[in-house]
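S.K.: fold the following.
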Amino acid sequence: MLARADAIAALCAFSERCGIGPAADALLEALRPDAPGYARPELHNAIAEGRLSPLWLPAGLVTEGEQVMVEWAHYGSAPFDAPFFDDHLRRARHHPVSRLFRWRTQLDALTHVAVETGPGLDGLVLHMSRCGSTIVARALASMPGQVVLSEPAPFDALLQFCAAHSDIAFETRIALLRGMIGALAGARGGAVRRRFLKADCWHVGALPLLRAAFPETPWIFLYRDPREVLMSHERMPGLQTLPGPQAELVGVDEPDALPGLDFTARVLAATCHRAADHAGIGGGIFVDYAEIPEAIHARILPHFGIDPDTAEQAAIASALSRDAKESFKRFDPHQRAPRQSASPAVVAASDRHLVAAVERLRGLNRGV
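M.R.: Numbers count the residues shown, from 1 in each chain. Sure thing, here's the model as predicted:
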């Protein structure tokens, strides 16, 4: 790795060859960490014909006038080993090269990526929310050669865009989704054996679109005791507990609704019902949180076509022994509050909206 002074000099030389040529002191100022609440001017915006290299991945969608474009950032070759993709996205946005060169491409550049990388996705993890999807993702990611995209914001932005724009040709939307996965899950620092997407919970509302984009990809849907899920949202509400595009994707289009446990329970119920409605689409199984971790070996890995060897089994066991979201901690199931401690508000909202939806999933799990 270059020393900072050498890296600055190399960036200045590279930018000069690109016709930008900022002075070294201007570059140092631009790369200085931002104080909270302050924004520094961008040194260079450029529209490229395509991605610069496999180390540049999508960072999001941006709008310029009426045009939607893809913003790219330099992620480097480090593996995706954080619980959520946003951790890697934040680091990529603050990478010195990303901050110096703001590269954007036309949206259809993603369709060319799809042609280059193919439509491969080896497994799709869908979930109700707060029901073990991160545990499953960490187990999958523990095996060498597995790329697991855990709720990547760039894919969420594109999926919501494609779901909302039926005026765009269906084949184009499929190619865009495949291209985004191909770009995000490509080989950057080593060989890729399998690619997995742990979707956001509201993505089940677009399951037919996902299934069309990845018709051979097996998927699972995870669910959990409704009171336990609502207890988690009572402690720390999620994004889908607010009226907006996430709730709309599962059919709850109420922009003026009041946030709270009742609205959260209705959105979660709609999420579960959408999963149950799409059960006949093919390729999916339903898994109860109560079955984990045993279900990882007994059902999930076989469903994804994985027969782990001894080393992979040891890696999975190690991953399951740690807290899914805070890997420096050992997993302790007794830290979770029991459902019997649910507040009256949780019990009421759960019984009113969520119990029937989860029962549908349990019936599908049992093959009823």
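S.K.: who touches the host helix or strand of Leu210?
M.R.: Assigned by DSSP states H and E, Leu210 falls within helix 207-213. By C-beta atoms under 8 Å, 6 or more residues apart in numbering, the surrounding residues in contact with helix 207-213 are 119, 124, 126, 159, 162-163, 170, 173-174, 177-178, 199, 203, 217, 219, 274-275, 278, 281-283. Any C-beta I mention is one placed from the backbone N, CA and C, and that applies to glycine too.
S.K.: quick one: contacts for Ala187?
M.R.: Counting by C-beta under 8 Å, 6+ apart, Ala187 touches Pro54.
S.K.: and it, that one's in a strand?
M.R.: No - counting by DSSP: H, G, I helix; E, B strand; the rest coil, one finds Ala187 to be coil, located in no strand.
S.K.: just to revisit the earlier point, only the buried subset of the contacts of helix 207-213, as a PyMOL command please.
M.R.: Selection of buried members from these for PyMOL, criterion 16 or more other C-beta atoms under 10 Å:
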select buried, resi 119+124+126+159+162+163+173+174+177+178+199+203+217+219+274+275+278
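S.K.: next, the buried residues of whatever helix or strand Ala348 lives in.
M.R.: Using DSSP H and E, Ala348 falls within helix 344-349. Buried residues in helix 344-349, counted by 16+ other C-beta under 10 Å: 346, 349.
S.K.: how about it as PDB, C-alpha atoms only?
M.R.: Provided in PDB are the C-alpha atoms of helix 344-349 (Å, rounded to 0.1, in the frame of the first residue of the first chain):
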ATOM      1  CA  PRO A 344     -50.200  -4.900  25.700                       C
ATOM      2  CA  ALA A 345     -49.700  -2.800  22.500                       C
ATOM      3  CA  VAL A 346     -47.600  -5.500  20.900                       C
ATOM      4  CA  VAL A 347     -50.100  -8.200  21.800                       C
ATOM      5  CA  ALA A 348     -53.100  -6.100  20.500                       C
ATOM      6  CA  ALA A 349     -51.400  -5.200  17.200                       C
END
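S.K.: from the chain's centre, how far out is the helix or strand following that helix? Work that out for me.
M.R.: Using DSSP H and E, the helix or strand that follows helix 344-349 towards the C-terminus is helix 355-365. For helix 355-365, the separation from the chain centroid amounts to 25 Å (computed by C-alpha atoms, centre = their mean, to the nearest Å).
S.K.: state the mean pLDDT of helix 355-365.
M.R.: What helix 355-365 shows for mean pLDDT is 97.
S.K.: for that helix, which positions count as buried?
M.R.: In helix 355-365, counting by 16+ other C-beta under 10 Å, buried: 357-358, 360-361, 364-365.
S.K.: one more: stretch 241-260?
M.R.: By neighbour count with 16+ other C-beta under 10 Å, stretch 241-260 contains the buried residues 241, 243-250, 252, 257.
S.K.: also stretch 277-294?
M.R.: Applying 16+ other C-beta under 10 Å to stretch 277-294 flags 278-279, 284-289, 292-293 as buried.
S.K.: give me the contact list for that stretch.
M.R.: Stretch 277-294 has contacts (C-beta under 8 Å, 6+ apart) with 126, 131-132, 135-136, 139, 204, 207-208, 211, 215-225, 228, 275, 295, 298-300, 303, 320, 361-362, 364-365.
S.K.: what's the helix or strand containing Glu171 packed up against?
M.R.: For Glu171, the host element (DSSP H and E) is helix 170-184. On a contact count with 3 or more C-beta pairs under 8 Å, 6 or more residues apart in numbering; DSSP states H and E, helix 170-184 meets strand 56-64, helix 109-117, helix 153-164, helix 207-213.
S.K.: now render the ones you listed as JSON lines, adding distance to Ala270 and mean pLDDT.
M.R.: Output for those, formatted as JSON lines (distance: least, C-beta to C-beta, whole Å; pLDDT from 0 to 100):
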{"stretch": "strand 56-64", "distance to Ala270": "25", "mean pLDDT": "93"}
{"stretch": "helix 109-117", "distance to Ala270": "29", "mean pLDDT": "77"}
{"stretch": "helix 153-164", "distance to Ala270": "15", "mean pLDDT": "96"}
{"stretch": "helix 207-213", "distance to Ala270": "13", "mean pLDDT": "96"}
